[in-house]
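[1] Output the structure for:
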Amino acid sequence: MNDSLPFEPAVQAASDAGACEQSEPALLPFGQPVFLVGMMGAGKTTIGRHLARSLHREFMDLDHELEARCGVRVSLIFDIEGEEGFRRRETAALDECSRKPGIVLATGGGAVLAAQNREYLKERGVVVYLRASADELFRRLARDRSRPLLQTADPQGRIRELIAQREPLYASIADLTIETGAMPVAQVVRALVPMLQQHEVNP
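    Reported below is the predicted structural model:
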């Protein structure tokens, strides 16, 4: 499940340019990984790529890692093994990826559902919750047919249900929270970098 934000071309181009303008890396005072959590459509993949570039860190996407391991799209894993089977694979992949230092990792929207996953994220790195409203998420995802959990008669209602279920879990493990709203990617990254630089990490 690619969590790229469907930004307008002009806005996306501006965000790309803004990311490229920064020639010096914005180094963090810690080597632990940065984990991005949040709902599908919150921008974890798009923002994560730009953030990793700004920090001169490696970017990883948990869904993409799963797809590389299985050789098929996440939606097909859901079809064949169901959500339970997918979640087992997700936990195994997260266990491995979350051990890598100095990365930016975009997690899947439902990764926080498993207590084991929340423990991995909270204990092994700095967790950033990318928050967006139900209306904004629906606007971004309305035409996306690759989301298994939104293949219902009322996808907007389903988004609201998922937010109600997951937001307390995101908040419970988040070290930092930032509203993505309708901000361009570069603006989100510019706001997030100093938040990370000022964050105190337990040794």
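
[2] Just the buried positions in the helix or strand hosting residue 87, please.
    In the assignment (DSSP states H and E), residue 87 maps to helix 74-97. By neighbour count on 16 or more other CB atoms under 10 Å, the buried set for helix 74-97 is 74, 75, 77, 78, 86, 87, 89, 90, 93, 94, 97. C-beta here means a position set from N, CA and C on the backbone, and glycine is covered the same way.

[3] pretty sure residue 103 contacts residue 55?
    No. In this structure residue 103 lies outside contact range of residue 55 using CB atoms under 8 Å: 9.7 Å.

[4] what pLDDT does residue 148 get?
    We have a pLDDT of 53 for residue 148.

[5] how far out from the middle of the chain is stretch 105-114?
    7 Å (CA atoms, centre = their mean, to the nearest Å).

[6] Touching it from outside, list them.
    Residues outside stretch 105-114 that contact it (CB atoms under 8 Å, 6 or more residues apart in numbering) are 1, 3, 33-40, 42, 44-45, 48, 59-63, 74, 83, 87, 90-91, 94, 97-98, 117-118, 121, 125, 149, 162, 166, 169-170, 173.

[7] 7 Å instead?
    Identification of contacts with stretch 105-114 by CB atoms under 7 Å, 6 or more residues apart in numbering yields 1, 3, 33, 35-40, 44-45, 48, 60-63, 87, 90-91, 94, 97-98, 117-118, 166, 169-170, 173.

[8] mean confidence score for that stretch?
    Taken as a whole, stretch 105-114 has an average pLDDT of 94.

[9] Then stretch 192-200?
    Mean predicted confidence for stretch 192-200 is 94.

[10] tell me which residues of it are tucked away?
    Buried, per 16+ other CB under 10 Å, within stretch 192-200: 192, 193, 196.

[11] With secondary structure and distance to residue 70 as added columns, please give the residues you listed in TSV.
    Formatted as TSV, these follow (DSSP: H, G, I helix; E, B strand; the rest coil; distance: CB to CB, whole Å):
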residue	secondary structure	distance to residue 70
192	helix	31
193	helix	34
196	helix	32
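
[12] Nearest to residue 129, out of these: which one, please.
    Nearest to residue 129 out of the buried residues of stretch 192-200 is residue 192 (CB to CB; 11.1 Å).

[13] didn't the closest one look like it was pressed against residue 51?
    Yes. Contact status for residue 192 versus residue 51: in contact at 6.3 Å, counting by CB atoms under 7 Å.

[14] What segments of the chain are strands?
    34-37, 58-61, 103-106, 126-131, 176-179 (DSSP state E).

[15] So what touches the first one?
    Outside strand 34-37, the residues within contact range by CB under 7 Å, 6+ apart are 44, 47-48, 104-107, 111-112, 121, 125-130, 170, 174, 196.

[16] Alright, that wraps it up for me.
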